[in-house]
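Trainee: Predicted structure and sequence below. I'll ask about it afterward.
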Amino acid sequence: MIFTRKDDTNSTTIVREITPPKKTKQTLVIIDPRVDNYHQLVSGTYPETKVVVLDLRKDGIEQITEALSDELATSLHIVCHGADGILYLGKTPVSQENIDQYRGLTTEAE
């Protein structure tokens, strides 16, 4: 917001209110590095897209939750390998058997 202020000499000063930076809305792309040519996927994204390449030594859902807490994402894209009923995201495969352990993490990011 911009304000104008006149002093005793009738001079006008423009005063701009300083506000803290806000999280910008953006697309968030999560890529598991086991995907073939993932470097090409990273380099092919738009400049305003935030890309997170998962660390295979860490839990993938926890990394995704952390990325979502840092950004105001308007869309989320996850690129990974999978099989029937399973996604390979970082260190821990995600399946119907273990998805409930992440329930608290995913609500924290909302």
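Mentor: Here it is on my side, so go on. Note that the structure is a prediction, hence the values are computed from the model and not measured.

Trainee: Can you name the helix or strand that Thr45 falls in?
Mentor: Following DSSP states H and E, one finds Thr45 outside all helices and strands.

Trainee: hang on, it packs against Val51?
Mentor: Yes - using CB atoms under 8 Å, Thr45 is in contact with Val51, at 5.5 Å. Quick note: C-beta positions are derived from backbone N, CA and C, even for glycine.

Trainee: which residues do these two both contact?
Mentor: Common contact partners of Thr45 and Val51 (CB atoms under 8 Å, 6 or more residues apart in numbering): Val29.

Trainee: Settle it for me: which of these two has more neighbours?
Mentor: Each of Thr45 and Val51 has its neighbours counted (other CB atoms under 10 Å); Val51 has more, 19 against 14.

Trainee: Can you pull out the low-pLDDT segments for the chain?
Mentor: Within the chain, the set of residues satisfying pLDDT under 70 comprises 1-25, 105-110.

Trainee: Tell me where it has helices.
Mentor: Assignment of helices within the chain using DSSP state H yields the ranges 38-43, 60-70, 103-108.

Trainee: Please tabulate those helices in TSV, including the columns mean neighbour count.
Mentor: Below are these laid out as TSV (neighbours: other CB atoms under 10 Å):
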stretch	mean neighbour count
helix 38-43	13
helix 60-70	18
helix 103-108	11
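
Trainee: Any chance of those in JSON lines with distance to Val94 as columns?
Mentor: As requested, these are arranged in JSON lines below (distance: least, CB to CB, whole Å):
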{"stretch": "helix 38-43", "distance to Val94": "18"}
{"stretch": "helix 60-70", "distance to Val94": "6"}
{"stretch": "helix 103-108", "distance to Val94": "11"}
